[in-house]
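Colleague: For reference, the sequence and a predicted model appear below.
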Amino acid sequence: MKTNIDSEVVSNCAPKERGCGCGGHGGETSAAESLHDECGCHSSSTSPAPVKHSCAGGCRGIRTSRRIHATLGLVLTAFLFLHLGVASLGLAPAHYDAAASMLRRLSEQIPLLETILLLLIATQTGVGIRLLVRSGLGYQSRRCKEDGQMRYFLQRWSAMLLLMFIVVHLAMFKLWLGEPTFVTVARHFTLGGNRLLLLFYSLAIAGIAFHAGNGLWTGASVWGVRESHPRLWLGIAGVSGTIIAILGFLALRAFAV
């Protein structure tokens with residue numbers, strides 16, 4: 001019988017720790033430590049001592065990066081609600097123009113507002129790329145996970161889609177469109193050669209909704225606040241993702257007809 005367990009094996013299937021932030025531990029526990037007795041790598045007659053979760057599979061040493069990423073993600077999700085809320089007003093063009101004009105005046109009164117937003121996006125992107133490089137894009141990643149592997153896989157690929165969307169979206173509105181009134185935006189989207197662009201926007205909206213919703217769920221775990229109220233955070237994540245998807249497709253419907 002094997003009684004000396006290799007330290008790397010133990011660390012990869014060790015119990016869950018609150019606030020670890022690796023995003024792949026699955027269900028929550030009420031304590032940071034528990035007996036390591038369900039992974040199947042020990043004999044049933046072995047009674048190992050409690051071990052701390054060291055998560056050698058990838059999240060050790062990057063908890064700070066994950067917390068920065070989660071915090072900035074929360075801020076940018078709030079901006080996303082505002083941005084898509086205004087865009088969805090395109091169903092009533094007069095209201096859209098009024099809201100867009102108000103935001104332009106606010107930007108003129110606070111010159112650094114747009115710069116701060118771009119810096120937040122750049123920082124979020126940079127930290128996200130660092131995490132993405134460590135994890136890779138494959139379905140089987142070096143993670144200490146018990147479930148949620150598909151969500152984690154989709155989270156990384158939706159991040160790639162989101163990055164491409166940001167580049168395309170900023171290029172369209174900063175380089176091509178000029179003044180983003182309802183008429184100019186609608187004219188740009190209804191060009192016959194932009195069918196592929198509309199398909200890309202549709203996929204991007206679905207990806208953004210999932211990325212934001214799932215990001216709130218895993219972000220709450222990163223900060224260690226999810227374990228005490230898992231149902232509450234699951235509801236917040238689900239409702240947020242659903243609202244973002246609805247607003248996004250309403251905006252696309254308004255400008256792509």
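Modeller: Perfect, I can see it now.
Colleague: For the helix or strand encompassing residue 250, name the packing helices and strands.
Modeller: For residue 250, the host element (DSSP states H and E) is helix 230-255. Counting contacts by 3 or more C-beta pairs under 8 Å, 6 or more residues apart in numbering; DSSP states H and E, helix 230-255 packs against helix 63-88, helix 182-189, helix 195-222. Where you see a C-beta, it was placed from the backbone N, CA and C, and this is true even at glycine.
Colleague: In CSV: those helices, plus distance to residue 134, mean neighbour count and mean pLDDT.
Modeller: Putting those into CSV (distance: least, C-beta to C-beta, whole Å; neighbours: other C-beta atoms under 10 Å; pLDDT from 0 to 100) gives the following:
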stretch, distance to residue 134, mean neighbour count, mean pLDDT
helix 63-88, 9, 17, 91
helix 182-189, 37, 16, 72
helix 195-222, 15, 20, 90
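Colleague: Adding distance to residue 152 as columns, could you present those helices in a markdown table?
Modeller: Shown next, in a markdown table, are the helices and strands packed on helix 230-255 (distance: least, C-beta to C-beta, whole Å):
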| stretch | distance to residue 152 |
| --- | --- |
| helix 63-88 | 13 |
| helix 182-189 | 33 |
| helix 195-222 | 8 |
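Colleague: wait, which of those is closest to residue 115?
Modeller: helix 63-88 (14.0 Å; C-beta to C-beta).
Colleague: got the angle for the closest one vs helix 195-222?
Modeller: 140 degrees (axes from the mean of the first three to the mean of the last three C-alpha atoms, to 10 degrees).
Colleague: packing partners for the helix or strand following helix 63-88?
Modeller: Counting by DSSP H and E, the element after helix 63-88 in chain order, helix or strand, is helix 93-109. When contacts are defined as 3+ C-beta pairs under 8 Å, 6+ apart, helix 93-109 packs onto helix 63-88, helix 112-135, helix 182-189.
Colleague: what's the average pLDDT for helix 93-109?
Modeller: Mean pLDDT, computed over helix 93-109, is 86.
Colleague: give me the number of residues near residue 138?
Modeller: 9 (other C-beta atoms under 10 Å).
Colleague: Using the three-state scheme, assign residue 226.
Modeller: Put simply, residue 226 is coil when judged by DSSP: H, G, I helix; E, B strand; the rest coil.
Colleague: shouldn't it be in contact with residue 216?
Modeller: No. With contacts counted by C-beta atoms under 8 Å, residue 226 stays clear of residue 216, the gap being 9.6 Å.
Colleague: Spit out the residues that contact the two alike.
Modeller: residue 233 (C-beta atoms under 8 Å, 6 or more residues apart in numbering).
Colleague: follow-up on the earlier one: nearest to residue 236, of the helices and strands packed on helix 93-109?
Modeller: Of all the helices and strands packed on helix 93-109, helix 63-88 comes closest under C-beta to C-beta, at 10.6 Å.
Colleague: still on that earlier bit, any buried residues in the helix holding residue 250, and which?
Modeller: Buried residues in helix 230-255, counted by 16 or more other C-beta atoms under 10 Å: 233, 236-237, 240-241, 243-245, 247-252, 254-255.
Colleague: And those residues, which is closest to residue 164?
Modeller: Residue 164 lies nearest to residue 248 out of the buried residues of helix 230-255, by C-beta to C-beta, at 15.6 Å.
Colleague: check contacts around the closest residue to that closest one other than its chain neighbours.
Modeller: Leaving aside its sequence neighbours, residue 248 sits nearest to residue 205 (C-beta to C-beta, 6 or more residues apart in numbering; 3.6 Å). Applying C-beta under 8 Å, 6+ apart to residue 205 gives the contacts 244-245, 248-249, 252.
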